[in-house]
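Q: With the input below, show me the fold.
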Amino acid sequence: MFFAIATFIVLVASIWTKHNGEKVVRGVVEAFIVAVTVVVVSIPEGLPLAVTIALAYSTKKMYQDQCFIRVLAACETMGNATNICSDKTGTLTENRMTVVEGYFGDVSYDQEEFAVKKIPVAVSAVIVEQCAINRSAYLVHKSPDGKVLERPLIIGNKTEGALIMMINSWGFDHEELKSTQFHQSKDKIFSFNSAKKRSTAVVHRPDGSVRIYCKGATEWVMKDCSMFLASDGSKRSIDAAKISALEKIINNMADRALRTLCLAHKDYPSPDKLPANWQESPPDNFDLVLDCIVGIIDPLRSDVKEAVRIAQGAGVTVRMITGDNIATAKAIARQCGILKDGGLAVEGPSFRNMTPKDVDAMIPHLQVMARSSPDDKYLLVTRLNGYAIPANEEEWIEKMRGRKEGITWEKDRDLVMPGYREEWESTRPDGGEVVGVTGDGTNDAPALKAADVGLSM
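A: Numbering: from 1, shown residues only. Next comes the predicted model:
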């Protein structure tokens, strides 16, 4: 330690003898680095101190950039990242959603028509009631100091906030509607279910009937609809031609980078017709009536394109993983610069049923995963960095328990994701990737935990 201090003093003094007192700060920093190096070389116990000081300095710099580091070692790991798996909504985009067009009452409204035309009353009444009741979000119109905000602040789910603002623009008060039509004692709201891709509300109506409201991912909700709401409020059967027409509408919205959302309902004549277990599992996945499909715009964050470009220029592979449909995901990924010529986009249901060998062949070109579940995102990260891959037969059997019937180690170990340790290591003699995952929702938690660096927004 004495020699380190002496070296530091001599080097600082030399600033004035060699450089006439110029570049003092740089000279002091270099002197400090040399002194620390002397400590590390002469005293092995100095190495942990030097590393800790360097990481603490990095943590302070990250904090100045509004990044809070929970684990010091993450600063070093972050600098070695070779892959970034990013969520879309709220991470790449502003999460400032606005309904700009849609399909209402068997009529499709583009952005200009939606801004000026009125939705038929028989249709809007159903939509308004759902948007007011089937939600957990609410709006704040004033800042803490009492000033009226130019745009209301959405607290909670931003998609629900977009629907609330839509019906408010139609002249309805969402808070008043919910207070008069939803009764906590007998009605129930089910928050978003990532397995069903929808949220649901069960409402007992004044006429004695019960209405099930559900909204969610368009492909998932629409496949459970057997009827659609016509402009006069009547219900009509959905046939193959109607499904084809609806898919065309959805794809047209998605190609313009709009996020689509489907709203539907279902009626029961009386409470006793409800399934016995409706309070635990609402009957929201069959015989639904399609009310509308809305197109929601969510603009990119202003700095996303440049951030993606810098990461790719540094040799980091950037991938986007989202629950949106594949057309919307690809459109947004192209805008960001993530999806390039020769890049692949895959849907979660297809990915999870691929073999490990097929996934390894695809991963170098995989840039977008759409319609993903939390487990799909977790599987991709696991396959990239080897996190929690079963080390032996016992661990493999335990991980596969409950996934599919009839799976055996002897027959399926090379066919089912995420594979097993011996197989994974044999295909990666140089080791796995260093993976960073960015996300801002509870659905991102498994992947954030599996990543080498979890960047929660």
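
Q: could you give the mean pLDDT of stretch 159-169?
A: Averaging pLDDT along stretch 159-169 yields 94.

Q: now do stretch 397-407
A: The pLDDT scores in stretch 397-407 average 83.

Q: any idea what sits nearest the residue most central in space within the chain, other than its immediate chain neighbours?
A: Nearest residue to the geometric centre of the chain (Cα atoms, centre = their mean): D87, 4.0 Å. Counting by Cβ to Cβ, 6 or more residues apart in numbering, the nearest residue to D87 once its immediate chain neighbours are dropped is G439, at 4.2 Å. From N, CA and C alone the C-beta is placed, and that goes for glycine too.

Q: ok now do that neighbour, which residues does it touch?
A: Applying Cβ atoms under 8 Å, 6 or more residues apart in numbering, we find G439 in contact with S86, D87, T91, A445, A447, L448, G454, L455, S456, M457.

Q: Could you report the distance from A361 to G342?
A: Look at A361 and G342: by Cβ to Cβ, to the nearest Å, they are 14 Å apart.

Q: for I154, same thing?
A: Here the criterion is Cβ to Cβ. By it, I154 lies 38 Å from G342.

Q: so where is the protein shaky, pLDDT-wise?
A: 1, 18-22, 42-47 (pLDDT under 70).

Q: Neighbour-wise, which one of the contacts of G439 leads?
A: Highest neighbour count within the contacts of G439: A447, with 27 neighbours (other Cβ atoms under 10 Å).

Q: Can you give me the neighbour number for T328?
A: The burial count assigned to T328 is 27, neighbours taken as other Cβ under 10 Å.

Q: Is F286 in a helix, a strand, or coil?
A: When classified by DSSP: H, G, I helix; E, B strand; the rest coil, F286 comes out as coil.

Q: What are the phi and psi values at it?
A: Geometry field for F286 lists phi and psi as phi -160, psi 150, criterion degrees, to the nearest 10.

Q: returning to what we had before: from the contacts of G439, which ones fall inside helices?
A: A445, A447, L448 (DSSP state H).

Q: Skipping its backbone neighbours, what lies nearest the second one in space?
A: In other words, A447. Per Cβ to Cβ, 6+ apart, closest to A447 is K377, 4.1 Å.

Q: The one you found reaches S86, doesn't it?
A: No - in this structure K377 lies outside contact range of S86 using Cβ atoms under 8 Å: 10.4 Å.

Q: Now for the residue nearest to A447: which residues touch it?
A: Residues near K377 by Cβ under 8 Å, 6+ apart: C85, I321, M369, V437, N443, D444, P446, A447.

Q: Correct me if wrong: the second one contacts R371.
A: No - in this structure, I321 sits apart from R371 without contact. The criterion is Cβ under 8 Å, and the distance is 10.2 Å.

Q: The two - which one has more neighbours?
A: When I321 and R371 are compared on other Cβ under 10 Å, the one with more neighbours turns out to be I321, at 25 against 22.

Q: Just give the closest residue to that one, not the sequence neighbours.
A: Setting aside the residues directly before and after it, I321 is nearest to M369 in space (Cβ to Cβ, 6+ apart), at 4.6 Å.

Q: Check for me that the one you found belongs to a strand.
A: Yes - going by three-state DSSP, the assignment for M369 places it inside a strand.

Q: so it bridges to which residues?
A: Listed by DSSP bridges, the beta-bridge partners for M369 are I321, V346.

Q: Any idea how many residues pack against it?
A: Other residues near M369 number 25, with proximity taken as other Cβ under 10 Å.

Q: Relative to A35, how far out is the residue lying farthest from the centre of the chain?
A: In the chain, T17 marks the outermost C-alpha relative to the chain mean, sitting 58.3 Å out by Cα atoms, centre = their mean. The gap separating T17 from A35 is 18 Å, by Cβ to Cβ.

Q: again with I53
A: Computed as Cβ to Cβ, the I53 to A35 distance reads 12 Å.

Q: Between the two, tell me which one has more neighbours.
A: Set side by side, I53 and A35 show unequal neighbour counts under other Cβ under 10 Å, the larger going to A35 at 21 against 12.
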